[in-house]
Each structure stands twice: as C-alpha cells, then as structure tokens.
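In: Sequence first, predicted coordinates after that:
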Amino acid sequence: MKNTEISKQKINTGLIIGITILVLLLVSYLLHMASHYGGGNSYEVGYEVSSHLRSLIEGISFKNGIRIGSVIGILTSWERNKSIRWAILHALFGWLYVIYFVWTRKETNTKSK
C-alpha cells in the first residue's frame, strides 16, 4: 500500500469511529431524557424523544454554528493529535481551531503522475 492509501484508510477509520461515538451519545441522551421525563406509557416517551431530538437538531443547525465548530474541532484534533485532552480543549475553541487547522495542515493528497 502507498502512503496516501494508508492515510486515507486512517482518515476513514477515524471518521467512522467519530460518527459512531456521536450517534451512541445522541441515542443514550435521548433514551435517558425520555425515561426521566416520560410518564411511563409509550406515547409520552415517544413525545419526549421527539421533542428532545428536535431541540438537538435545531441546536446543531447553521443558525448556531458554535456547536458544529466544536464537533469539527474535536474530529480534526483527534486526527492530528490522537489525544482526548487536546480534543476537549479544541472543542472549546471550536471554529478558531478549525480555521487554525486548515491554515497549518500539510497537503497529503498530492497527485502523482
């Protein structure tokens, strides 16, 4: 395998792990909130899950870009540093770290002829 193929495989693996963790956190949050606030029957639990899911989706929209910047900051920090501490710190900086990452990254996708 060439270096570019190995780096693409590492990036794909990192993205899959990151997305899986985010989905698991979202599902566990929704189930916790539904069981905490739901009245016990399926209708009330379903209503709570949908209302919390709606509020999460509204919070992640481009209208409130701070949260999206934090998620992108976590993923790019993890790809570069492989450290939870740095990922948490870069999540706090959000878009500032994303811009820094773009300016300082090394070009890995060079085309060879």
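Out: It's in.
In: mind checking the SS state of the residue nearest to Lys10 when sequence neighbours are not counted?
Out: Take Lys10 and drop its neighbours on the chain: the residue closest to it by Cβ to Cβ, 6 or more residues apart in numbering is Glu79, 8.0 Å away. The way it works is simple: take the backbone N, C-alpha and C, and place the C-beta from them, glycine included. Taken by DSSP: H, G, I helix; E, B strand; the rest coil, the conformation at Glu79 corresponds to helix.
In: Glu79 and Asn12 touch, don't they?
Out: No: contact criterion Cβ atoms under 8 Å: Glu79 and Asn12 do not qualify, at 10.9 Å.
In: The two: which is more packed in?
Out: Glu79 (17 against 10; other Cβ atoms under 10 Å).
In: Could you check how far Tyr100 is from Thr76?
Out: In this view, Tyr100 and Thr76 are 9 Å apart by Cβ to Cβ, to the nearest Å.
In: Mind giving me the packing neighbours of the longest helix along the chain?
Out: The residue-count maximum for a helix in the chain (DSSP state H) belongs to helix 3-37. When contacts are defined as 3 or more Cβ pairs under 8 Å, 6 or more residues apart in numbering; DSSP states H and E, helix 3-37 sits against helix 42-60, helix 65-81.
In: tell me the angle of it relative to helix 65-81?
Out: Interaxial angle, helix 3-37 versus helix 65-81 (axes from the mean of the first three to the mean of the last three Cα atoms, to 10 degrees): 140 degrees.
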